[in-house]
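Trainee: Here is a sequence with its predicted model. Questions after.
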Amino acid sequence: MGYQSRVLRPLYCWLISRHARVAADTMKIATWNVNSIRVRLPRLTSWLRRVEPDVVCLQETKVVDDNFPFAELQDLGYKCLINGQKTYNGVAILSRLEMIDPLPNLPDDSPDVERRLVSATIDGIRIIDAYAPNGGFVGSERYSYKLDWFRRLRAYLDSSFSPEHPLLVCGDLNVAPEDRDVWDPAKWRGKILFSEPEKERFQHLRAWGLEDALRLRHQESGLYTWWDYRAGAFRRGQGLRIDHVLISKPLVDRCATVEIDRDERKGDKPSDHAPVVMSLES
DNA sequence: ATGGCTACTCCTAGTAGA
């Protein structure tokens, strides 16, 4: 009874979290496009030590499974579920908790597909780690592939899950959904990452029954997750919000905080993407 | 100044990312 009190509950949870690998009170789930896990490993490990997330969905690991840095991540207490590929793409879920029913790819992907998806159930939540195609330029073959990839992801949700169950789709979705997610909407309008058909596909995915977690907590413009390496884009505040955490209805009330860790875009050898971290209450 | 970088590869030039 005392543990439910406004004062005692946080204290209790703080004490528990200091002595257990798994926080008793909240679960931290993060997504981060690391743009090569081999180059980013020193930053990733120090970030894991600092933030202590329970689950991390990584994109663009760019490494075959045999060369994945299992040992370093296991030393920090993470099990690794990977769907790797040489040079391009590659996704991984790191988790302190058990991962049930692991699955690579979309059900209608061919065996030699680009490795853009991996999913597992963690603590009763179906977690889908996704790296959407970039799309090249509007009208290109890669653009068509991107639009169709979104259609297939929505079809997968339709055929395999119910929005009444706890489900989360997160990752680099390579779409900035609204004007407030883009540093210069006029300049970006109609361009890749911000074209109307891409935004429609993103909204169609959400219409299955997913909330944009960051927008549950923050309404302002200027919240970006990616900045071009060129032109001092980060320094100039020229970014886009293209990395997302989308959650089904049962998770909405549990969503306590959602933050972009933009400090990770600073300093030596950053990824061009910043992590997004969500805290879920139990 | 309308482009500026980074990471990859059967690696020093070409491709892709976003």
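Mentor: Done, it's in.

Trainee: can you pull out the strands in the stretch 101-250 of chain A?
Mentor: A:117-122, A:125-131, A:167-172, A:210-212, A:226-227, A:239-240, A:243-248 (DSSP state E, counting those that start in this stretch).

Trainee: Partner strands of the last one and their direction?
Mentor: In its sheet, strand A:243-248 lies beside strand A:167-172 (antiparallel), strand A:210-212 (antiparallel), with partners assigned from DSSP bridges.

Trainee: Tell me what angle that strand forms with strand A:125-131.
Mentor: With axes from the mean of the first three to the mean of the last three Cα atoms, to 10 degrees defining the directions, strand A:243-248 sits at 150 degrees from strand A:125-131.

Trainee: what sits up against strand A:243-248?
Mentor: A:29, A:31-33, A:163-173, A:177, A:205-206, A:209-214, A:225-226, A:255, A:258, A:273-274, A:276, A:278 (Cβ atoms under 8 Å, 6 or more residues apart in numbering). For every residue, glycine as well, the C-beta is placed using N, CA and C.

Trainee: ok, longest helix in chain A?
Mentor: For chain A, the helix reaching the highest residue count under DSSP state H is reported as helix A:141-160.

Trainee: Other residues contacting that helix?
Mentor: Residues contacting helix A:141-160 (Cβ under 8 Å, 6+ apart): A:106-108, A:116-117, A:130, A:132-137, A:163, A:167, A:169, A:174, A:192, A:197-198, A:201-202, A:204-205, A:208.

Trainee: Of these, select the buried ones using a PyMOL command.
Mentor: Typed into PyMOL, the line below selects the buried ones among those, using 16 or more other Cβ atoms under 10 Å:
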select buried, chain A and resi 106+116+117+130+132+133+135+167+169+174+192+198+201+202+205+208
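
Trainee: Just want the residue of the stretch 151-282 of chain A that's nearest DNA strand B.
Mentor: Of all residues in the stretch 151-282 of chain A, the one sitting closest to DNA strand B is residue A:231 (2.8 Å; Cβ to the nearest atom of the strand).

Trainee: Contact partners for that residue?
Mentor: Counted by Cβ under 8 Å, 6+ apart, residue A:231 has contacts residue A:238.

Trainee: how near is it to residue A:36?
Mentor: 21 Å (Cβ to Cβ, to the nearest Å).

Trainee: Same check on residue A:269?
Mentor: Counting by Cβ to Cβ - residue A:269 and residue A:36 are separated by 10 Å.

Trainee: Pick out whichever of those two has more residues nearby.
Mentor: residue A:36 (15 against 10; other Cβ atoms under 10 Å).

Trainee: close enough to count as contact, that one and residue A:60?
Mentor: Yes. Residue A:36 is in contact with residue A:60 according to Cβ atoms under 8 Å; the separation is 6.8 Å.

Trainee: what residues does the stretch 1-150 of chain A put near DNA strand B?
Mentor: A:33, A:35-36, A:38-39, A:60, A:62, A:86-88, A:133-134, A:136-137, A:142 (Cβ under 7 Å from any atom of the strand).

Trainee: can you name the two of these that are farthest apart?
Mentor: Spatial extent of those (Cβ to Cβ) is set by the pair A:38 and A:137 at 28.7 Å.

Trainee: Quick check: what element follows the helix or strand bottoming out on mean pLDDT in chain A along the chain?
Mentor: One helix or strand of chain A scores below all others by mean pLDDT, DSSP states H and E: helix A:8-19, with a mean of 47. Counting by DSSP states H and E, the next helix or strand C-terminal to helix A:8-19 is strand A:26-33.

Trainee: partner strands of that next one, parallel or antiparallel?
Mentor: strand A:55-59 (parallel), strand A:276-281 (antiparallel).

Trainee: looking at those, which is buried most?
Mentor: strand A:55-59 (a mean of 29; mean count of other Cβ atoms under 10 Å).

Trainee: This completes my enquiry, with thanks.
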